[in-house]
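Build me a model:
(chains A and B)
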Amino acid sequence: MRISSTLALQAPFSAPTLLRGDLCESISRSAALGFAGVELQFKAETHSVPDADKTARVCEESNMTVCALATGALYVHDGLSLISDDNLVAEEALARLRLYVDFASQIGGRVIIGCVIGCVRGNIDTKNSRRQYLSRLAEGLLRLGEYGERRNVSFLREKSIDTKRTIWQQLPKQGSLLRITA
Amino acid sequence: MATASETRVFIEDYGLTGYSILLDTFHMDMEERDFIQAVRTAGTLLGHMHMSDSTKLVPGTARINFQSLVAGLRAIGYQGWLSLECRIERDEELEAANGLACLKQALGQSL
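Numbering: from 1, shown residues only, chains lettered A, B, ... in the order given. Okay, here's the model as predicted:
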């Protein structure tokens, strides 16, 4: 097993990122710290994707590997979601994810599919609704998978958090701290 | 899909070839009853690990047992990446170095 750092061009301190700033500089800093690889976090837009050639050059010089590309910024910053009820939003999410695939095909690394899946607020707890959203997600992932396969890029499906369920599971653990006041 | 089991079932049921499972220790701490069982469930589909402590800060700052987790990963033959996906409190490089040292120790690697 090898250990990688996480790098972001821009991220608040509340974001789960080790190093911030220019990605190529951060790759060199990660190498100096003793990491074997890096996971890159950036927001891909049609005319705004990191320079793959420069990134590859810095990785080679510092003997570093790009192990993964994080895509969460598409949802966090731009609200793009693969399960959106708005087909245009879901299609834009797919189009922007393909930019990560293109980048990965040049630089290596697998593309993380995490919070870009999106979430649905409100009542979706009937079996049919849940199945509908899962099918919509699977259809998007299959289309993306075909695109990746043609470019020899694979994906990492990050399991998400069921916030509502998690809160209820945590309550017994936090029981002594829970006080309901009228 | 909040657990390794649900994610595995989803990938297999829909025939999502080209997709592996990413497990995140911070999420596992909230959603999984047993880290090692979750790793076993992901099994050969496990493709990547996000490592942080239960506070989402770097490993070694809270209560997750990384030595035990690494043993579980070795038991299934996992050879992928351990990616330090953590929040930083004050000093990026110092905390990154501390987190790296904690994981290297868990792996039995020299610091």
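
all contacts plus neighbour counts: C-alpha atoms, from now on.
OK.

Let me see the contact set for the closest residue to A:Ala31 other than its chain neighbours.
Spatial nearest neighbour of A:Ala31, chain neighbours left out: A:Ser62 (6.3 Å); criterion: C-alpha to C-alpha, 6 or more residues apart in numbering or on different chains. Contacts here follow C-alpha atoms under 8 Å, 6 or more residues apart in numbering or on different chains; on that basis A:Ser62 touches A:Ile27, A:Ser28, A:Ala31.

how about the residues of chain A that lie near chain B?
By C-alpha under 8 Å from any C-alpha of the partner chain, the residues of chain A that approach chain B are A:1-6, A:13-19, A:33-35, A:38-39, A:67, A:138, A:141-142, A:145, A:149, A:153-162, A:166, A:169-170.

What ranges does the chain have for its helices?
All of this refers to chain A. Using DSSP state H, the helices of chain A run over A:23-33, A:52-61, A:73-76, A:87-107, A:127-150, A:163-173.

Switch to chain B, please.
Assigned by DSSP H, the helices in chain B fall at B:4-13, B:25-31, B:35-42, B:66-75, B:92-107.

Low-confidence ranges, chain B, go.
In the predicted model, chain B carries pLDDT under 70 at residues B:1.

okay if I get the contacts of A:Ser62 as TSV plus pLDDT, distance to B:Glu95 and neighbour count?
Listed next are these as TSV, based on pLDDT from 0 to 100; distance: C-alpha to C-alpha, whole Å; neighbours: other C-alpha atoms under 10 Å in any protein chain shown:
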residue	pLDDT	distance to B:Glu95	neighbour count
A:Ile27	98	16	29
A:Ser28	97	17	17
A:Ala31	98	15	21
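
which one of those residues is nearest chain B?
For the contacts of A:Ser62, the closest approach to chain B (C-alpha to the nearest C-alpha) belongs to A:Ala31, at 11.2 Å.

The closest one contacts A:Met64, doesn't it?
Yes. Using C-alpha atoms under 8 Å, A:Ala31 is in contact with A:Met64, at 6.8 Å.

Residues that sit against both of these two, list them.
A:Gly37.

circling back: between the helices of chain B, which gets nearest to A:Tyr100?
helix B:4-13 (20.7 Å; C-alpha to C-alpha).

So what sits opposite B:Met49 in the bridge?
B:Leu23, B:Leu82 (DSSP bridges).

list the contacts for it?
With contact taken as C-alpha under 8 Å, 6+ apart, B:Met49 is in contact with B:Leu22, B:Leu23, B:Asp24, B:Thr25, B:Gly80, B:Trp81, B:Leu82, B:Ser83.

okay, which residue is most central for chain B?
Nearest to the mean C-alpha position of chain B, counting by C-alpha atoms, centre = their mean, stands B:Met49 at 3.9 Å.

excluding its backbone neighbours, what's nearest residue 43?
Looking at chain A here, since you left the chain open. Take A:Lys43 and drop its neighbours on the chain: the residue closest to it by C-alpha to C-alpha, 6+ apart is A:Ala73, 5.3 Å away.

that's the other chain; I wanted chain B
B:Ile76 (6.2 Å).

can you list the residues of chain B near chain A?
B:1-4, B:7, B:14, B:16-24, B:27, B:30-31, B:47-48, B:56, B:78-89, B:92-93, B:96-97, B:100, B:103.

about what we covered before: how far away is the residue nearest to B:Gly43 from chain A?
The gap separating B:Ile76 from chain A is 12 Å, by C-alpha to the nearest C-alpha, to the nearest Å.

What count of nearby residues applies to A:Asn152?
Neighbour count of A:Asn152, defined by other C-alpha atoms under 10 Å in any protein chain shown: 16.

try A:Leu7
Neighbours of A:Leu7 (other C-alpha under 10 Å): 29.

so what's it up against?
Per C-alpha under 8 Å, 6+ apart, neighbours of A:Leu7: A:Thr17, A:Leu18, A:Leu19, A:Arg20, A:Gly21, A:Leu23, A:Ser26, A:Ile27, A:Val38, A:Glu39, A:Leu40, A:Gln41.

Please indicate which of the residues you listed are buried?
Listed as buried from those are A:Thr17, A:Leu18, A:Leu19, A:Arg20, A:Leu23, A:Ser26, A:Ile27, A:Val38, A:Glu39, A:Leu40, A:Gln41; burial here means 16 or more other C-alpha atoms under 10 Å in any protein chain shown.
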